[in-house]
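# my questions are about this predicted structure, shown below with the sequence.
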Amino acid sequence: MQKLNLPAYEFRTRMEGDRLHVLDIYRKRFVLFTPEEEVRQRFARYLVEEKGYPVSLILTEHTLKLNRMVRRCDILVHRPAGTPAVLVECKSPAVKISRETFDQAARYNMVFRVRYLMVTNGLKHYCCHIDFEQRQVRYLDAIPAYGEL
């Protein structure tokens, strides 16, 4: 595992040929363990273990349709009633978080209209709260706990 600004967690892995795969407990299958996948798995686990997000309300690599094109958001967290609450865009640690990263998350949010957008490359994490009524975006100093959403 890489040195990330996230806790190190134990993951179930296996080799398929010469490639390492990790069990994604949210998709319930093994997936290729790329640097971006490591960020996705560790950040999802961080939300659960450190911030109290319920495992049952987290989806990874969730499909969405945007302008007739099929896309996938990295992590989508729902409320108990089933409405989306948080959208997370994950990047490899080698990818610098940029305006384009936030723009990608914002485009996906045109579909979900969540109030919390998070962006991470495993080294830096950003979170903003969106107030649709006031048309304002406020960047937060920390990732909120699930009970604070």
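Great, that's in hand.
# wait, is residue 143 part of a strand?
No. When classified by DSSP: H, G, I helix; E, B strand; the rest coil, residue 143 is found to be coil rather than part of a strand.
# nearest residue to it in space, please, no chain neighbours.
Distances taken as CB to CB, 6 or more residues apart in numbering place residue 127 nearest to residue 143, at 5.3 Å, with adjacent residues excluded. All C-beta spots, glycine's among them, are computed from the backbone N, C-alpha and C.
# same deal with residue 27?
Spatial nearest neighbour of residue 27, excluding adjacent residues (CB to CB, 6+ apart): residue 60 at 5.7 Å.
# what helices and strands are in contact with whichever helix or strand the one you found is part of?
Here residue 60, judged by DSSP states H and E, is contained in strand 58-66. In this structure, strand 58-66 makes packing contacts with helix 35-49, strand 69-78, helix 99-112, judged by 3 or more CB pairs under 8 Å, 6 or more residues apart in numbering; DSSP states H and E.
# okay, angle between that strand and helix 35-49 too, please.
120 degrees (axes from the mean of the first three to the mean of the last three CA atoms, to 10 degrees).
# just the CA trace of strand 58-66, in CSV.
C-alpha atoms of strand 58-66 as CSV (Å, rounded to 0.1, in the frame of the first residue of the first chain):
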residue,chain,number,x,y,z
ILE,A,58,-22.4,3.6,0.5
LEU,A,59,-22.1,2.8,-3.2
THR,A,60,-18.8,2.7,-5.2
GLU,A,61,-18.4,3.2,-8.9
HIS,A,62,-22.1,4.0,-9.2
THR,A,63,-23.4,4.4,-12.7
LEU,A,64,-25.0,7.6,-13.8
LYS,A,65,-26.2,9.0,-17.1
LEU,A,66,-25.1,12.5,-18.0
